[in-house]
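J.: no sequence on this one, just coordinates:
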């Protein structure tokens with residue numbers, strides 16, 4: 001028989017002392033990635049709107065190139 005302080009130690013949420021009946025399924029593997037997808041990229045059926053992702057990626061590339069050109073022009077004008 002365990003002393004009450006020892007029993008409290010083993011009743012904790014330690015994965016080594018947890019029994020098989022204590023494990024409950026929280027969700028599917030697909031649900032684990034759901035929080036990492038921004039709302040603006042989700043489509044109505046629970047998937048990813050790939051067209052929106054492609055448009056945003058192209059816009060970001062354009063902005064980077066425009067900023068590089070702008071900085072190069074400013075750098076060239078200072079010379």
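T.: Right, received. Where do you want to start? These figures come from a predicted structure and were not determined experimentally.
J.: how near is residue 52 to residue 46?
T.: Distance of residue 52 to residue 46, computed by Cβ to Cβ, to the nearest Å: 15 Å. Every residue, glycine included, has its C-beta placed from N, CA and C.
J.: more neighbours: which of those two?
T.: Here residue 52 and residue 46 are set side by side on neighbour count (other Cβ atoms under 10 Å), and the busier one is residue 52, at 14 against 9.
J.: contacting residues around that one?
T.: Residues near residue 52 by Cβ atoms under 8 Å, 6 or more residues apart in numbering: 40-41.
J.: list the buried residues for whichever strand or helix holds it?
T.: The secondary structure element spanning residue 52 is helix 50-78 (assigned by DSSP states H and E). Using 16 or more other Cβ atoms under 10 Å as the test for burial, helix 50-78 gives no buried residues.
J.: distance of residue 52 from residue 38?
T.: In this structure, residue 52 and residue 38 are separated by 10 Å, where distance is defined by Cβ to Cβ.
J.: where in the chain is pLDDT low?
T.: For the chain, applying pLDDT under 70 flags the ranges 1-34.
J.: swap the cut-off to 80 and go again
T.: Scanning the chain for pLDDT under 80 picks out the ranges 1-35.
J.: now residue 42: phi and psi?
T.: The phi and psi values for residue 42, taken as degrees, to the nearest 10, are phi -90, psi 140.
J.: beta partners of it?
T.: residue 48 (DSSP bridges).
J.: any figure for the gap between it and residue 79?
T.: According to Cβ to Cβ, residue 42 and residue 79 sit 48 Å apart.
J.: the more surrounded of those two?
T.: Comparing residue 42 with residue 79 by other Cβ under 10 Å, the one with more neighbours is residue 42, at 14 against 4.
J.: any idea how far the more buried one is from residue 66?
T.: Going from residue 42 to residue 66 by Cβ to Cβ gives 29 Å.
J.: cool, residue 36 as well?
T.: As for residue 36, its distance to residue 66 is 29 Å (criterion: Cβ to Cβ).
J.: do the same with residue 72
T.: With distances defined as Cβ to Cβ, the gap from residue 72 to residue 66 amounts to 11 Å.
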